[in-house]
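In: sequence and predicted structure, then a few things I'm wondering about:
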Amino acid sequence: MKSESRRQAIVAAAAEVFLERGYEIASMTEIAERSGGSKATLYSYFPSKEALFLVVMKQQAEEYMVEAFGRLSPGADLAGTLQKFGEHYLNVILLPDLLIMRSIVMGEGPRSGMGRVFFDSGPAQGWGQLAQFLEGEMAAGRLRPARPWRAALHLINLLEADYLESFMTGFAEAPSAQQIVASAQEAVQVYLHGYGRSSSRDLGMLENGSSGRVDAEVPEPVNQ
C-alpha cells in the first residue's frame, strides 16, 4: 500500500542523488537504493526519472522561494525593508543546493517542461509577492507609479547582478556576509534612485528618479 511517508522518503533520496550526480547521471536504481526500497516500489510512485525530478524541483522551489520572500512587510522605512529583504533573498538563492538545482533546470529546461515548472513553483510566486508589496508602496506614495511586475523584476536583477556567474555555473565561492550586505545596499540605492520619490525619506541623498515615463510592456507569467 502506498503511503505519504514512503513517497516523501523517495523524494528526499532523489533530491540527494540529483544534487550529487546531476540529472543526466542520476539513476532510478541509485535513488531506490538510497531510499531503502526497490525499483518496483519507486516506479509505483513515479513513472519516470523526469516525473520524479519535477516533484523534487517543485518542492525545493516552493520551499526556498517562500523563505526568500518572507521578509517583506509594508512600512515607512522602505530602504531598510528592501535592504533586509535583499540580504535575505541573496542568502537563500546562493545556497549551494539551490544553485545546483538552478543550473540543472537551465540545462534541461529547453528540452522539457522543467523550466516552466520551476518558474511557476518558485520565482513566479515570489516575484508576484514582491510586485504586490511594491504596488502597495507605490499606492502609499513611497515609490513612483510604475508597473509592479516590471518594478519587481528590476529589483531582482539588481540584487542578482553580482552573482551571475554563480547562477550560470552553479559553482562559486560563497560570498561573505559583508559582500552580501554590500551587494544588497548598492542594489537598493540604484533601485531607489530610479523608483523613489524625492519626497520620500528613503531616498536620502539620492537624486529623484524620472517619473512620468511610459513603461514598455513586459511579459508577466500567466498566473499573475
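Out: Perfect, thanks for sending it. Everything quoted here is computed from the prediction, not taken from an experiment. Residues are numbered from 1 along each chain as shown.
In: mind pulling up the pLDDT for the spatially most central residue of the chain?
Out: With the centre of the chain defined as its mean C-alpha position, the nearest residue by Cα atoms, centre = their mean is Pro123, 4.4 Å away. In this model, Pro123 is scored at 79, pLDDT.
In: can you tell me how far it is from Tyr89?
Out: Between Pro123 and Tyr89 the computed distance is 11 Å (Cβ to Cβ, to the nearest Å). In this view, the C-beta of every residue, glycine as well, is placed from N, C-alpha and C.
In: equivalent analysis for Gly113, please.
Out: 26 Å.
In: looking at the two, which is more packed in?
Out: Tyr89 (27 against 12; other Cβ atoms under 10 Å).
In: show me the contacts for the more buried one.
Out: Taking Cβ atoms under 8 Å, 6 or more residues apart in numbering, we find Tyr89 in contact with 68-69, 71, 156, 159, 184.
In: the bottom helix or strand of the protein by mean pLDDT?
Out: Lowest by mean pLDDT, DSSP states H and E among the helices and strands of the chain is helix 164-169, with a mean of 70.
In: next helix or strand past it?
Out: Later in the chain than helix 164-169, the nearest helix or strand by DSSP states H and E is helix 177-195.
In: so which elements touch that next one?
Out: helix 78-93, helix 148-160 (3 or more Cβ pairs under 8 Å, 6 or more residues apart in numbering; DSSP states H and E).
In: weakest of those helices in terms of mean pLDDT?
Out: helix 78-93 (a mean of 92).
In: hang on, the earlier thing: could the helices and strands packed on helix 177-195 be laid out in JSON lines, adding distance to Tyr195?
Out: Below are those laid out as JSON lines (distance: least, Cβ to Cβ, whole Å):
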{"stretch": "helix 78-93", "distance to Tyr195": "10"}
{"stretch": "helix 148-160", "distance to Tyr195": "6"}
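In: which stretches of this protein form helices?
Out: 4-21, 28-35, 39-45, 49-68, 78-93, 96-108, 114-121, 123-139, 148-160, 164-169, 177-195 (DSSP state H).
In: buried stuff in the last one?
Out: In terms of neighbour count (16 or more other Cβ atoms under 10 Å), helix 177-195 has its buried residues at 180, 183-184, 187-192, 194-195.
In: same thing with stretch 74-81?
Out: 78-79, 81.
In: distance between that stretch and the chain's centre?
Out: With Cα atoms, centre = their mean, to the nearest Å as the basis, stretch 74-81 stands 21 Å off its chain's centre.
In: span of that stretch from start to end?
Out: Terminal residues of stretch 74-81 lie 8 Å apart, using Cα to Cα, to the nearest Å.
In: now do stretch 107-122
Out: 17 Å.
In: now stretch 67-77
Out: 21 Å.
In: any idea of the mean pLDDT for that stretch?
Out: 76.
In: and the closest residue to Leu90 other than its chain neighbours, what does it touch?
Out: Ranked by Cβ to Cβ, 6 or more residues apart in numbering and with sequence neighbours excluded, the top spatial neighbour of Leu90 is Ile180, at 5.1 Å. By Cβ under 8 Å, 6+ apart, the contact list for Ile180 reads 87, 90-91, 94.
In: sorry, back to before: lowest average pLDDT across the helices of the chain?
Out: Among the helices of the chain, helix 164-169 scores lowest, at a mean of 70.
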